[in-house]
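Colleague: Prediction below, plus the sequence it came from.
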Amino acid sequence: MFKTIMNLKLHWQILIALLLAVIAGIVAGKTASIFGITFYNIFSFIGSLFMNALKMIIIPLIVSSIIVGVARIGGGEGLARMGGRTILYYATTSLFAILLGLLFVNVLSPGIIDGQPAQQVLGLDAEQGQMAAAKVGEKGVGDIAGVFLDMVPANVVSAAANGQLLGLIFFSILFGYFITRIQEAYAEAQYNFWEGILEVMMKITDLVMKFAPIGVFALVAKVIAGMDGDEMLSLASTLGWFFLSVVLALAAHVFIVLPLLLKYVARVSPTRHFQAMSPALLTAFSTASSSATLPLTMECVEKNAGVSNKTTSFVLPLGATVNMDGTALYECVAAMFIAQAYGIELSFTVQFTVVLVALLTSIGVAGIPAASLVAITIILGVIGLPVEALGLILAVDRILDMFRTSVNVFSDSCGAVIIGRYEGEKGILQEERAL
Ligand code: ASP
């Protein structure tokens, strides 16, 4: 039996792990224990081990991969072309996602229950509101500027240590570019050095990926075990529409908009791409972090979808930090939901502002769990709603985070495929590739 499971393709293993995790989480709850240790703590320990292993890979992987990728693209013209296309793809798809969110939240009106603003039904919990406020602190539009300031890090070592990926990406692009501008002997030595590191990091990623089913099991079992059944039921009745609006809008983006782009812009089979990406998507779902999933995303896009390392290493690290379709969509739906729940009519201009700020903040949001909450406070501040209102959505945020992170990762991967095709790459999603 164990052997049969081990022989299954990775995405099946992860899927089975996910299902088992739901059962284990429900059975174990927060209190069941073995030898005096709660299962909850065991899940948490194993899950953290897996997350740490993923995070351990990120810095050396993205630095080496961007340097090699950019050095391979070579001269400034190629880089400018790919950079331009990448940014165009990111901006367009994020905007699409936000507009979809806006459509769903306006049509389904989750903030209005029985014709009344939901605030009364939900009885905005003051304690939860304060918790939310404490969690995100005071954030304002100035914080968006801060994100762009970090893009040029004063200290690249500290940027790496603090996980400021955007700064690190900027430095790596420069480094890779100037490798092509030095004496040939040095350039070759540099290139081989970074290429060697990249190869090693891909091998380590392979190894960590083998543990994905166990990691996913632990992470999801922990989330489920930590839930209070009664609380969930009462939440489902009040926040159900909000939950549904987000999930339906995300589904429309992932199952309609992005596949259409794959089919008509990249001219590849969307089904095949879903298959190629499934291990990364399931990991994104379980970790709720697109940064932590990045090594797996790169592996799937390169090995399963067949996009070149040159494209992958430029498009994906950048995407994991700046392209967040799911996040942008969620920010818009959440802000609009809160406004509806407070009984505030938002004019066209204000809705336009929400769209714009959602787009900008989604660029700045880090690829870590619950990062959207900070961005939502910024939007709430801009449209003049109290930060405490965030308490309304806190209870369902984790599960929705899992969905939106998968959407973020899927959009990045579609970007890599589309840009790879525009770069004239052959063999993307053309044949069945085995992992
Ligand atoms: N968890 C998301 C991600 O890593 C960010 C967010 O929306 O909170 O992509």
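Modeller: All right, it came through fine. All figures in this text were calculated on a predicted structure; none of them were measured in a lab. Numbers count the residues shown, from 1 in each chain.
Colleague: C-alpha only now, for contacts and for neighbours.
Modeller: OK.
Colleague: Pass me the low-pLDDT residue ranges in this protein, would you?
Modeller: Residues of the chain meeting the criterion pLDDT under 70: 1-6, 75-76, 119-148, 229-237, 431-435.
Colleague: ranges for the strands of it?
Modeller: Assigned by DSSP state E, the chain shows strands spanning 33-34, 37-38, 112-113, 116-117.
Colleague: Residues touching the last one, excluding its own?
Modeller: With C-alpha atoms under 8 Å, 6 or more residues apart in numbering as the contact definition, strand 116-117 has outside contacts at 111, 340-343.
Colleague: now stretch 287-300: how far from the chain's centre is it?
Modeller: 8 Å (C-alpha atoms, centre = their mean, to the nearest Å).
Colleague: now do stretch 86-98
Modeller: Relative to the centre of its chain, stretch 86-98 is centred 14 Å away, using C-alpha atoms, centre = their mean.
Colleague: can you check stretch 34-51 too?
Modeller: Relative to the chain's own centre, stretch 34-51 is displaced by 24 Å; criterion: C-alpha atoms, centre = their mean.
Colleague: Does it reach the ligand?
Modeller: No: applying C-alpha under 6 Å from any ligand atom, one finds stretch 34-51 separated from the ligand by no less than 12.5 Å.
Colleague: Outside of that stretch itself, list whatever touches it.
Modeller: With C-alpha under 8 Å, 6+ apart as the test, stretch 34-51 has contacts from 28-33, 208, 211-212, 215-219, 221-222, 225-226, 287, 292.
Colleague: Drop anything exposed from the residues you listed.
Modeller: Neighbour counting by 16 or more other C-alpha atoms under 10 Å classes 28-30, 208, 212, 215-219, 221-222, 225-226, 287, 292 among the contacts of stretch 34-51 as buried.
Colleague: for those, which one is nearest M277?
Modeller: M277 has its nearest neighbour among the buried ones among the contacts of stretch 34-51 in A212, at 13.9 Å by C-alpha to C-alpha.
Colleague: how close does that closest one get to the ligand?
Modeller: Going from A212 to the ligand by C-alpha to the nearest ligand atom, to the nearest Å gives 17 Å.
Colleague: Likewise for S269?
Modeller: 25 Å.
Colleague: which residues sit in contact with that residue?
Modeller: Taking C-alpha under 8 Å, 6+ apart as the contact definition, S269 lies against 262-263, 429.
Colleague: Flag every residue of this protein that's near the ligand.
Modeller: 288-290, 327, 367-372, 401, 405, 408.
Colleague: let's see 5 Å
Modeller: Counting by C-alpha under 5 Å from any ligand atom, the positions of the chain adjacent to the ligand are 288-290, 327, 367-372, 405.
Colleague: and which of those residues is nearest to V107?
Modeller: Distance to V107 across the residues of the chain next to the ligand (C-alpha to C-alpha) is lowest for T327, with 19.8 Å.
Colleague: tell me the contacts of the closest one?
Modeller: Under the criterion of C-alpha under 8 Å, 6+ apart, the neighbours of T327 are 362, 372, 404-405, 408.
Colleague: List phi and psi for L346.
Modeller: Main-chain dihedrals, L346, degrees, to the nearest 10: phi -100, psi 120.
Colleague: Which residue is the nearest non-sequential neighbour of it?
Modeller: In space, and not counting its chain neighbours, L346 is closest to A339: 7.5 Å by C-alpha to C-alpha, 6 or more residues apart in numbering.
Colleague: Kindly report the same for S33.
Modeller: Per C-alpha to C-alpha, 6+ apart, closest to S33 is F39, 5.3 Å.
Colleague: M151 too?
Modeller: Using C-alpha to C-alpha, 6+ apart, the closest residue to M151 is G167 (4.2 Å).
Colleague: residues near that neighbour, how many?
Modeller: 22 (other C-alpha atoms under 10 Å).
Colleague: I'd say it and S158 touch.
Modeller: No: the pair G167 / S158 is not scored as a contact, 9.9 Å apart, by C-alpha atoms under 8 Å.
Colleague: contacting residues for whatever residue of the stretch 201-350 of the chain ends up closest to the ligand?
Modeller: Taking C-alpha to the nearest ligand atom, the ligand has its nearest neighbour within the stretch 201-350 of the chain at S289, 3.3 Å off. Contacts for S289 (C-alpha under 8 Å, 6+ apart) come out as 367-369, 405.
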